[in-house]
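Below: sequence and its predicted model.
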Amino acid sequence: MNELKVEPPPSVKTPPNGDAAPSRDAANWAQPVDRLSASGVAGAKDDAVTGKRVSGPLQGFGQLWQKTFTVRLEGVDISATDLIALWKERFPTFWPKGQGFYAPLSGIAPGEVALVEIVPLPGAPVRFSTGVLVLYADDESFTFMTPEGHILSAWITFSARRDGDVTIAQAQALERPSDPFDELAYMLGGNRQNNRFWEATLRNLATAVGVAAPVIDTQVVCIDRNRQWRYWRNIRNSASIRSARRTLTAPFRKLTRRG
Amino acid sequence: MTATVIELDQEGAASILRIAGDITSGSDTDLMAAYGRATANGASAVILDFSKLEYMNSGGIGLLVTLLVRAQRGGVRLVATGLSEHYRQIFSLTRLDEAIVIYNDDAAAMAAATT
């Protein structure tokens, strides 16, 4: 046996997972769920989410990207846990103007489902309706996972940590465009637009806690250049297509209702 | 936070990484170095033994995805064993179990990994 790393055992250890004792992280994870339900969330249509399965970076079609956005909250006295509490509580207010995040009544907690309405480009007539599952949440981080049909098959983790006297806020996404249509849109500007979205979010967060001129650091790495052709059929769940169809047929549906 | 401790066993064409302690995004260097050692001799399969895993957050799951991509790129099969019911549920919830097959014990994992 080659031992790669040996460190002294900590003074207090939870039993290994072979024992019956619950894991330390048990309360932080969502309970297993086969199909999502967002029927109790007000503010947006839930039909793009309710009944869908979650879909992470392993189930997407396009190239796999890891994106890390950080901001140092220079000159602001706030702990990592206080920052995460604030971020959870006021999450929608930090999104770029015009984008909609509709949190469940119980807030951002493991297993909750939030609805999302995204304007893909400024001034675009279409709003993409989708949502996210709160996959994981603790005092220093929380993670969303997307449902089938979302433009990106992704996890995104929001976290905070201390670096000396400074608190650092971070958003880190692991994402693949969900289907060939989304991949094309991503290549034609969606990737950059997505970066701008999270940079604006971190800028808004930093400004809200008192940073005068926040500087956002963006690291983008393509982890897997291969496309997963076995998932091209994800297009059948596409929120982009569903939302575009809904927008285009809205006048006819109005007429039908009047008739 | 408990340190990540990873031991390496090599049996034929498969290597076993025995993971103890915590797996978080901070385990990146340790896990990737261990994987590099595990495959340095040309192993065609790597078994991840989680029977002494104590804690894993979403950063840890993300790390397993990047490890999986690295394994796929190198033509190495990645399988898991020793997962508690809790971590099996997390693998299922995140749909990681669709890409990393889970076995009940080393023997079953070894048999599957080397066939």
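Thanks, I have the structure now.

could you pull out the helices for chain A?
Ranges of helices in chain A, per DSSP state H, are A:80-89, A:180-185, A:191-208, A:239-258.

try chain B
Using DSSP H, helices in chain B cover B:28-39, B:58-73, B:85-93, B:106-113.

can you list those helices in JSON lines and add mean neighbour count?
Every residue, glycine included, has its C-beta placed from N, CA and C. Below are the helices of chain B laid out as JSON lines (neighbours: other Cβ atoms under 10 Å in any protein chain shown):
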{"stretch": "helix B:28-39", "mean neighbour count": "18"}
{"stretch": "helix B:58-73", "mean neighbour count": "21"}
{"stretch": "helix B:85-93", "mean neighbour count": "18"}
{"stretch": "helix B:106-113", "mean neighbour count": "18"}
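
wait, which of these is closest to chain A?
With Cβ to the nearest Cβ as the measure, helix B:58-73 is the member of the helices of chain B nearest chain A (3.8 Å).

could you check whether that closest one is close to chain A?
Yes. Using Cβ under 8 Å from any Cβ of the partner chain, helix B:58-73 reaches chain A at B:58-59, B:61-62, B:65-66, B:68-69, B:72-73.

what's the farthest-apart pair in those?
Maximum pairwise distance in the residues of helix B:58-73 next to chain A, criterion Cβ to Cβ, is 23.1 Å, between B:S58 and B:R73.

one step back: quick one, which of the helices of chain B gets closest to A:T218.
Closest among those, using Cβ to Cβ: helix B:58-73, at 17.8 Å.

what's the distance between that closest one and the middle of its chain?
9 Å (Cα atoms, centre = their mean, to the nearest Å).

average pLDDT across it?
In this model, helix B:58-73 has a mean pLDDT of 93.

name the helices or strands packed onto it?
Helix B:58-73 sits against strand A:141-145, strand A:152-163, strand A:166-177, strand A:216-224, strand B:14-23, helix B:28-39, strand B:77-81, with contacts defined as 3 or more Cβ pairs under 8 Å, 6 or more residues apart in numbering or on different chains; DSSP states H and E.

possible to save those as JSON lines with distance to B:I6 and mean pLDDT?
Output for the helices and strands packed on helix B:58-73, formatted as JSON lines (distance: least, Cβ to Cβ, whole Å; pLDDT from 0 to 100):
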{"stretch": "strand A:141-145", "distance to B:I6": "23", "mean pLDDT": "95"}
{"stretch": "strand A:152-163", "distance to B:I6": "23", "mean pLDDT": "95"}
{"stretch": "strand A:166-177", "distance to B:I6": "22", "mean pLDDT": "96"}
{"stretch": "strand A:216-224", "distance to B:I6": "21", "mean pLDDT": "96"}
{"stretch": "strand B:14-23", "distance to B:I6": "5", "mean pLDDT": "94"}
{"stretch": "helix B:28-39", "distance to B:I6": "4", "mean pLDDT": "95"}
{"stretch": "strand B:77-81", "distance to B:I6": "14", "mean pLDDT": "95"}
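
So which of those is nearest A:A239?
strand A:152-163 (10.2 Å).

Now do the buried residues in that closest one.
Going by neighbour count (16 or more other Cβ atoms under 10 Å in any protein chain shown), the buried part of strand A:152-163 is A:152-160.

Closest one of the residues you listed to chain B?
A:T157 (5.4 Å).

which strand residues sit across from the closest one in the sheet?
Note on A:T157: beta-bridge partners by DSSP bridges are A:T143, A:Q172.

And it, how far from A:M145?
10 Å (Cβ to Cβ, to the nearest Å).

ok, for the residue most central in space within chain B, nearest residue in space, not its chain neighbours?
For chain B, the residue nearest the mean C-alpha position is B:L48 (2.9 Å; Cα atoms, centre = their mean). Leaving aside its sequence neighbours, B:L48 sits nearest to B:A80 (Cβ to Cβ, 6 or more residues apart in numbering or on different chains; 4.8 Å).

how near is the one you found to chain A?
12 Å (Cβ to the nearest Cβ, to the nearest Å).

ok, back up a step: want to throw the helices and strands packed on helix B:58-73 into TSV with distance to A:A80?
Conversion of these to TSV gives the following (distance: least, Cβ to Cβ, whole Å):
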stretch	distance to A:A80
strand A:141-145	9
strand A:152-163	4
strand A:166-177	6
strand A:216-224	17
strand B:14-23	17
helix B:28-39	19
strand B:77-81	31
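
Just the endpoints, please. Distance across stretch A:81-98?
Stretch A:81-98 has an end-to-end distance of 28 Å (Cα to Cα, to the nearest Å).
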